[in-house]
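S.K.: what's the 3D shape of this:
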Amino acid sequence: MRVDPVRFLLGLWVVLVLAFLFGPIAVVAVYAFNASNVQSWPIAGTSLRWFAIAWADREVAAALSLSLRAGAVATALATLIGTAAALAVHRYRFVGRDAVSLLLVVPIALPGIITGMALNAFFTASGLPLSFWTIVIGHTTFCIVVVYNNVLARLRRIPASLAEASMDLGADGWRTFRLVTFPLVATSLIAGALLAFALSFDEVIVTTFTAGAQNTLPLWIFGAIRLGQRLPEVNVVVLVVTAITVLPVLAAYRAVQRSGP
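M.R.: Here you go, the predicted model:
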């Protein structure tokens with residue numbers, strides 16, 4: 001049987017890329033079950049004791065709680081603002097429409113450190129103390145675009161005749177949105193919200209500049225790695241963070257797949 005060399009090389013390249021991307025995560029996952037606190041290969045044995053230690057660590061629990069709360073609030077705000085912006089840009093023609101669309105996309109295109117420094121400078125100049133709400137504002141700025149792009153893409157695929165037919169039958173704008181538009185964009189909205197939460201949860205750079213004395217889970221991980229004294233516990237926390245981040249992405253993918261073309 002003849003093997004196509006181009007196809008073989010492309011397949012090999014895909015395998016190498018996947019190994020490069022997910023190999024380190026797999027190593028961290030293995031080390032999370034390491035019985036020893038020394039990270040050597042092969043591992044000395046398997047144990048769940050680091051999971052128990054991480055679970056009992058109040059600092060980890062507080063950081064996880066803060067990250068989840070900030071991510072949930074930022075996701076809710078991003079979903080509301082992103083959906084409203086997508087509806088406005090899609091439905092209406094107004095001066096500065098393209099500029100509004102560009103401004104919504106810019107935060108996700110900029111490096112995180114630039115966004116974080118800009119937000120920090122804004123909060124400082126405004127006299128706002130760094131707190132939970134500055135974290136939420138910072139995360140919302142770059143989460144909006146995820147919801148905005150998802151909802152806008154779906155709106156562009158919905159025939160305008162459906163809303164027009166609803167209007168012709170006597171429905172006002174709100175009823176048309178509730179009965180026609182919203183059901184058609186619901187899966188894209190949910191997918192955008194899930195992706196926004198995943199993006200918010202693991203954003204360490206922007207959090208660094210907007211958290212102040214607050215210690216979110218990514219910041220705790222960064223500090224623990226820098227000190228190098230709690231690496232086994234870090235491995236467990238990183239594994240949990242990876243799961244929390246990946247699950248919304250998979251759920252968003254499933255939602256988009258089920259929604260059809």
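S.K.: For the rest of this, base every contact and every neighbour count on C-alpha atoms.
M.R.: Fine.
S.K.: Tell me where the stretch 1-150 of the chain is predicted with low confidence.
M.R.: 1-3, 38-40 (pLDDT under 70).
S.K.: Tell me where it has strands.
M.R.: Applying DSSP state E, counting those that start in this stretch to the stretch 1-150 of the chain gives no strands.
S.K.: center of the chain, which residue is that?
M.R.: Leu199 (1.6 Å; Cα atoms, centre = their mean).
S.K.: Which strand or helix spans it?
M.R.: helix 182-201 (DSSP states H and E).
S.K.: Name the surrounding residues that touch that helix.
M.R.: With Cα atoms under 8 Å, 6 or more residues apart in numbering as the test, helix 182-201 has contacts from 67-68, 71-72, 74-76, 78-79, 83, 139-140, 143-144, 146-148, 150-151, 154-155, 158, 244-246, 248-249, 251-253, 255-256, 259.
S.K.: ok, Trp50 to Ala32 distance?
M.R.: 7 Å (Cα to Cα, to the nearest Å).
S.K.: Which residue of these two possesses the greater neighbour count?
M.R.: Ala32 (28 against 23; other Cα atoms under 10 Å).
S.K.: Just give me the neighbour total for Leu18.
M.R.: With other Cα under 10 Å as criterion, Leu18 counts 11.
S.K.: residues in contact with it?
M.R.: Here Leu18 is in contact with no residue (Cα under 8 Å, 6+ apart).
S.K.: Give me the neighbour count for Met167.
M.R.: Met167, neighbours per other Cα under 10 Å, totals 14.
S.K.: any idea which element the closest residue to it other than its chain neighbours lies in?
M.R.: Closest residue to Met167 apart from its sequence neighbours, by Cα to Cα, 6 or more residues apart in numbering: Thr176 at 7.0 Å. Assigned by DSSP H and E, Thr176 falls within helix 173-176.
S.K.: other SSEs contacting that helix?
M.R.: helix 160-168 (3 or more Cα pairs under 8 Å, 6 or more residues apart in numbering; DSSP states H and E).
S.K.: buried ones in the helix it packs on?
M.R.: By 16 or more other Cα atoms under 10 Å, the buried positions in helix 160-168 come out as 163, 166.
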